[in-house]
Structure formats: structure tokens, C-alpha cells
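Q: give me coordinates for this.
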Amino acid sequence: MTVKIAYILGCTHSGTTLLHRVLGAHSRILNLGSVKNLRTAVREGKKCPCGAPKLEQCSFWQAIDEQVRALDGRSVFDLDPDSRWARRFATDNRVLFQAVAAAHGVQVVIDSSRRPSRLDRLRQVPGIDLVPIHLYKTPPAQVHSWEKRNRPRQITVSALRYWGKHRYARQVARHFPGALRVSYEAFCQDPETETARIARALGLAPEPEAVRHWGENPIHVLGGNRMKSQQDSVIRLDEKRRRELTAAEQRRIDRVCGRVYRQLTAGQPEATG
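A: This next block holds a predicted model:
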């Protein structure tokens, strides 16, 4: 049994939670959030976003647990999808993704762990078909997201961070002929078009109605920011960086990040921002 995994690459504060929530509203896609966080969520007794006090008390995760026990004899709550040991990493991820697909009858499972290093390791796992989705903001918007609370601002440091993270993500994504790149700004401006493009790349028919009501369904994701609790379906493009970054700061960011950003946007839908 081969399971298709939509793996979201990106930076913190880049819109990955919004993206995986909107995509997860599709009837044939199941959104797990940041799969690498499973062991931590269990160990720390984290509450499920659906409202269950713990994952172990959530019917969504209990259904997955039954499938894991049938496949492997262990509990899903004993798995470590972020194990540093290669054999356990491969086994636990394969078992988890197959159990999720079987328990909930979906064609695609979303892993929004973001890390290129995890995607690179997943390439070695049999039984999964990976489709990377590389999400990126414009460099000023991303740097502003990281630096808006810092005084003094470390603009150059954050610009170098942007350059390094997206360069690494591009290098790993090149191993996958079906890899996608998605502009955060383009996604916010026209989510139906961008979501339809992604759905077709995943072999699914677009569901525009799901995009309009993505915030209404209960979710059971691992990790994510406060947007994982959002219950309306409004998508807002944050334009604060236009007002809060000086012209000199924006020029400095472009000097560091301009080349990698142009590589990301090559052949991509245009977006203002």
C-alpha cells in the first residue's frame, strides 16, 4: 500500500499553518500538521485542537491507533516519526502514514513538518509517495515576520536565514519531479486558484466550496500556531511590512535574498507584495 504525502516545506511564520488547514479541508486530503511533533505531543500530554484533553482521548487518533496496532502491534502513541535512528524512522513513518490513510479513507496525507532534512530522510522510506510543496513569502515579508518584535532588529541576520533555508529547501525539492512552489502572497490573493493547482498536482479534483469553508471543520493537527484554532474561513494578507520596514532595510534584504527569491518565483504565478 503506497500513501501519497503532501510535504509542506517552509519557514516558521511563513503561512504553513494556513496552507495546511486550507488544503486539509478537501474531502480526500487529511491534514496531520507537523508529524515530527507526535512523540513530543504524547509525552507532554498536549491537548488535541479538536478539544480532546489528550491525543489518546481523541476518537480521530484512536481510529489511527487501531490501525497501527493491526499493522505493527504497537500503539500510535509509541511511534517516533522523528527518530534519529534510520530503521526506526523508516518503520514508524511508514506505519503511521499507512494507518492514517486506512483509518480515515483518504488519498493524500499532509505532513507540514517544514524541515528539508526530514523530507530528505523520508525519500528513503518505502511505501510513501512524496510531493513537496515549497511555500515562501517575499523576503521583506518573511524578515518582518521574524523581526517585528525584536529591538534592535537583526535585519541582515534574518535575511541570511531566509537565504539559507530556502536555498536548502530548493536543493532537496529538486529530487522530486512533481515538487510544487507556492507563493504565500499569491495564495492569499487567490486561494481558490492556488488550491485547485495543488489539488490537480496531487491527482485530485479541486473542491472550491471546501476552500471557502476551511475554518469550519474540527482539526486534529500536531503543532501549528494560533491559526490552527481559527474557526472562520477568512484569509488576510498581512501588509504591515510595507509600513514598518524602512526603504533602506528593504534594500538590504533584497541584496541578500534577491537571487534565491527570483529562483523561487521563476515560472510561478505573479503576486503583488
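Q: how about the secondary structure of Glu66?
A: helix (DSSP: H, G, I helix; E, B strand; the rest coil).
Q: name the nearest residue to it, sequence neighbours excluded.
A: Ala103 (6.9 Å; C-beta to C-beta, 6 or more residues apart in numbering). For the C-beta atoms, the positions are set from N, CA and C on the backbone; glycine is no exception.
Q: cool, Thr265 as well?
A: Ser183 (6.9 Å).
Q: read off the pLDDT value for the one you found.
A: For Ser183, the pLDDT comes out at 97.
Q: go on, Gln268?
A: 63.
Q: when you give positions from now on, start the count at 566
A: Let's use 566 as the start, then, which means that last one is Gln833.
Q: surely Val600 and Ile693 touch.
A: No - if you go by C-beta atoms under 8 Å, Val600 and Ile693 don't touch, sitting 11.3 Å apart.
Q: more crowded one of these two?
A: When neighbours are counted by other C-beta atoms under 10 Å, Val600 and Ile693 differ, and Val600 comes out ahead with 26 against 22.
Q: what sits against the more buried one?
A: Pro646, Asp647, Asn658, Leu661, Asp676, Ser677, Ser678, Leu787 (C-beta atoms under 8 Å, 6 or more residues apart in numbering).
Q: and the last one, what are its bridge partners?
A: Bridge pairing for Leu787 (DSSP bridges) gives the partners Gly598.
Q: isn't it up against Gly598?
A: Yes - judged on C-beta under 8 Å, Leu787 makes contact with Gly598 at a distance of 4.2 Å.
Q: shared neighbours of the two, anything?
A: With C-beta under 8 Å, 6+ apart, Leu787 and Gly598 have no common neighbours.
Q: and the residue nearest to Thr830, how close does it get to Arg739?
A: Per C-beta to C-beta, to the nearest Å, Ser748 is found 19 Å from Arg739.
Q: compare these two (neighbour count), which wins?
A: Ser748 (21 against 10).
Q: wait, the residue nearest to Glu631 sits on Ala628?
A: Yes - between Ala668 and Ala628 there is a contact under C-beta under 8 Å: 4.2 Å.
Q: the more surrounded of those two?
A: A side-by-side neighbour count of Ala668 and Ala628, using other C-beta under 10 Å, places Ala668 first with 20 against 15.
Q: ok, back up a step: dump the contacts of Val600 to JSON lines, plus distance to Cys822 and neighbour count.
A: Formatted as JSON lines, those follow (distance: C-beta to C-beta, whole Å; neighbours: other C-beta atoms under 10 Å):
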{"residue": "Pro646", "distance to Cys822": "31", "neighbour count": "26"}
{"residue": "Asp647", "distance to Cys822": "29", "neighbour count": "20"}
{"residue": "Asn658", "distance to Cys822": "32", "neighbour count": "28"}
{"residue": "Leu661", "distance to Cys822": "35", "neighbour count": "26"}
{"residue": "Asp676", "distance to Cys822": "26", "neighbour count": "27"}
{"residue": "Ser677", "distance to Cys822": "23", "neighbour count": "29"}
{"residue": "Ser678", "distance to Cys822": "23", "neighbour count": "24"}
{"residue": "Leu787", "distance to Cys822": "30", "neighbour count": "26"}
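Q: show me these that map onto helices.
A: Those of the contacts of Val600 mapping onto helices are Asn658, Leu661, per DSSP state H.
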